[in-house]
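Q: sequence below, structure please.
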Amino acid sequence: MNTSTTIRFGGFVLNRARGCLEDSRGDERFLRPKSYRLLEVLLDRRGKLVSKDDLVREVWPNVFVSDDSLAQCVSDVRRALGAEGAGLLRTVPRRGYVLLDEDAIPDCPLKMRGRPWQFLAGGRVAAILVVSTGLWSLAPKPVEVTTALTEDVSIPAEGRAEALLDARDWRKRENNDEARVLLEAVLRENPGNADAWANLGLTYWLEVRHVAWGGGRREMKQAVDIVGRAIAIGGSARSHRLLAEMRLLAPFPEMRSPVDALANARAAVALDPKDADNLAVLARVLVLTGRAKEAVHTIEQARQGDLTEPDWYREIAGLSYLLVGEPSRAVEEFGPLHGAGTFVSARWWPGWLLAASLAHAGRVEDATMVVRIAQRGRPIQDLADISHSLTGFADTAGLNVVLDGLRMAGVPD
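A: Next up, the predicted model:
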């Protein structure tokens, strides 16, 4: 292990004395504790492939976490590195990550199984939500997907499709289309592959979620039917989690089913109760269907199982506390999320929830300030628009709590 007080790489400095990442100007780039630790581990093994299992053991010793917790930390690191460090952290699909000393060296392969394994510039995408794990989460930077991913036949087709979906970018619909072609080929060979069916359904769901892609009722129905088929032939907890999300958040009212969403969220937890993300998704469904007290208990269980504290956990906890009558605790959860990012999602806006929580906590002036900032740059101006945008609220009483808070903050009816 490198014991130096500072480690320099690609124009950045990991300042171990201060426990922070600094850029070339000496300014600090924010990282959560687990994300900082992940970067430290990668730096100690610079230029080498570090497997996902090794990273989990180093960053979360003696704690069970899902791959999604690791992915969230990787996204945090990429966000902190920004555009100037976009080529430093590379994903090797289905294997792990490599941190380079300098910026992108695209023709530098790793040898695996006797063949060159081209690096994929990893990372997540500026999307409305991260479907498989961080529902309604704040969006990290989009990244470029290299053609080497689909040209290297040593990578199984299903793995190439998964990597394309993991690196999805709402500006690159062709990645989604390519993943679909790969998955359809996999299913022609093995029609009983439940995971491939679930990923195929995800490609149609993304068409609906990314408004610019123009997905409509036809794609929505295909998404529900395909993921339903994955479940019917023995789908995983992830399949149930995905179907729960679709049945709760479908933009077409006739395709929503809160009862179905709750049943699938509970099934995901029953199949894998140790996965914190399953618990968090269940908490989301609970709070949006009028079960806020149960949601508080469930999201706190999830937080005990995932010490990284993803932003979307805070969103669920904040809404749960607001709806059980603890607005001050809700403010504590939403406050760290407030900023430009809290209003960008087309379906879920923590900024509005922060304003409502502040108002219910008696901080009406602060709530009014949050609302005024939002109204300067957003087309949504009144309660009817905000209510329409909060897709998934199946609990009228809970929705009215939010709208009443916003009304106190000065949002017109």
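
Q: going by C-alpha atoms from here, please, whenever you check contacts or count neighbours.
A: OK.

Q: just read off the phi/psi values of Val50.
A: phi -110, psi 120 (degrees, to the nearest 10).

Q: try Gly234
A: phi 110, psi 40.

Q: what does Gly290 give?
A: phi 90, psi 20.

Q: please apply the same query to Asp272.
A: phi -150, psi 80.

Q: check what pLDDT the nearest residue in space to it that is not next to it in sequence gets.
A: In this structure, Asp272 finds its nearest non-sequential neighbour in Ala237, 6.3 Å apart by CA to CA, 6 or more residues apart in numbering. Turning to Ala237, the model gives it a pLDDT of 91.

Q: quick one, phi psi at Ala237?
A: According to degrees, to the nearest 10, Ala237 has phi -60, psi -30.

Q: now Pro61
A: phi -60, psi 130.

Q: that one and Arg37, how far apart?
A: 12 Å (CA to CA, to the nearest Å).

Q: thinking again about what came up before, now do the contacts for the residue nearest to Asp272.
A: Residues near Ala237 by CA atoms under 8 Å, 6 or more residues apart in numbering: 267-269, 271-272, 278.

Q: and for Val208?
A: 214-216, 219-220.

Q: after the helix or strand harbouring Cys73, next one along is what?
A: Under the criterion of DSSP states H and E, Cys73 resides in helix 67-81. Downstream of helix 67-81, the next assigned helix or strand under DSSP H and E is strand 89-92.

Q: for that next one, what is the average pLDDT?
A: 80.

Q: next one: that strand to chain centre, how far?
A: Distance, stretch centre to chain centre, for strand 89-92: 18 Å (CA atoms, centre = their mean, to the nearest Å).

Q: measure the residue nearest to Thr203 when sequence neighbours are not counted to Ala198 for me?
A: Once flanking residues are discounted, Thr203 sits nearest to Asn176: 6.0 Å by CA to CA, 6+ apart. The spacing between Asn176 and Ala198, counted by CA to CA, is 14 Å.

Q: now Arg45
A: Counting by CA to CA, the gap from Arg45 to Ala198 is 35 Å.

Q: neighbour count winner among these two?
A: Ala198 (27 against 15; other CA atoms under 10 Å).

Q: buried among the contacts of Ala237? Need that as a selection in PyMOL.
A: Buried subset of the contacts of Ala237, written as a PyMOL selection, criterion 16 or more other CA atoms under 10 Å:
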select buried, resi 267+268+269+278
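
Q: in helices, which of the contacts of Ala237 fall?
A: Among the contacts of Ala237, the ones falling in helices (DSSP state H) are 267-269, 271, 278.

Q: okay, and Glu294 sits in which element?
A: Using DSSP H and E, Glu294 falls in helix 292-305.

Q: try Glu365
A: helix 364-377.

Q: for that helix, buried residues please.
A: In helix 364-377, counting by 16+ other CA under 10 Å, buried: 364, 367-368, 370-371, 374.

Q: count of residues packed around Leu383?
A: 18.

Q: residues near the closest residue to it other than its chain neighbours, how many?
A: Spatial nearest neighbour of Leu383, chain neighbours left out: Asp413 (5.0 Å); criterion: CA to CA, 6+ apart. As a burial measure, Asp413 scores 12 neighbours (other CA under 10 Å).

Q: quick check, Asp413 in contact with Asp382.
A: Yes. Using CA atoms under 8 Å, Asp413 makes contact with Asp382 at a distance of 5.6 Å.

Q: what about the stretch 251-400 of the chain, any weak spots by pLDDT?
A: 306-309, 338-348, 376-381 (pLDDT under 70).

Q: just the strands in it please.
A: For the stretch 251-400 of the chain, no strands are identified by DSSP state E, counting those that start in this stretch.

Q: would you map the helices across it?
A: 258-271, 276-288, 292-305, 311-323, 327-334, 350-360, 364-377, 383-389, 396-408 (DSSP state H, counting those that start in this stretch).

Q: any chance of these in TSV with distance to Ile155 as columns?
A: Converted to TSV, the helices of the stretch 251-400 of the chain look like this (distance: least, CA to CA, whole Å):
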stretch	distance to Ile155
helix 258-271	29
helix 276-288	28
helix 292-305	32
helix 311-323	32
helix 327-334	41
helix 350-360	39
helix 364-377	45
helix 383-389	40
helix 396-408	47
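
Q: Leu21 is nearest to which of those?
A: helix 311-323 (19.9 Å; CA to CA).

Q: what angle sits between that closest one and helix 350-360?
A: Angle of helix 311-323 versus helix 350-360, following axes from the mean of the first three to the mean of the last three CA atoms, to 10 degrees, is 30 degrees.

Q: from the contact counts, what lies against helix 311-323?
A: For helix 311-323, the elements it packs on are helix 276-288, helix 292-305, helix 327-334, helix 350-360, judged by 3 or more CA pairs under 8 Å, 6 or more residues apart in numbering; DSSP states H and E.

Q: how about JSON lines for those, with distance to Gly318 added?
A: Shown next, in JSON lines, are these (distance: least, CA to CA, whole Å):
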{"stretch": "helix 276-288", "distance to Gly318": "10"}
{"stretch": "helix 292-305", "distance to Gly318": "9"}
{"stretch": "helix 327-334", "distance to Gly318": "4"}
{"stretch": "helix 350-360", "distance to Gly318": "8"}
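
Q: Glu184: which of those helices is closest?
A: helix 276-288 (27.2 Å).

Q: list the helices and strands that closest one packs on?
A: Counting by 3+ CA pairs under 8 Å, 6+ apart, helix 276-288 packs on helix 237-249, helix 258-271, helix 292-305, helix 311-323.

Q: show me the shaky parts of the stretch 51-200 of the chain.
A: Using pLDDT under 70, the flagged stretches of the stretch 51-200 of the chain are 63-68, 83, 86, 93-94, 101-154, 167-171.

Q: strands of that one, start to end?
A: Under DSSP E, counting those that start in this stretch, the stretch 51-200 of the chain gives strands at 89-92, 96-99, 110-112, 115-117.

Q: among the contacts of Val208, who's most crowded?
A: Neighbour-wise, the contacts of Val208 (other CA under 10 Å) top out at Met220, 24 neighbours.

Q: that one reaches Leu206, doesn't it?
A: No. With contacts counted by CA under 8 Å, Met220 stays clear of Leu206, the gap being 9.3 Å.
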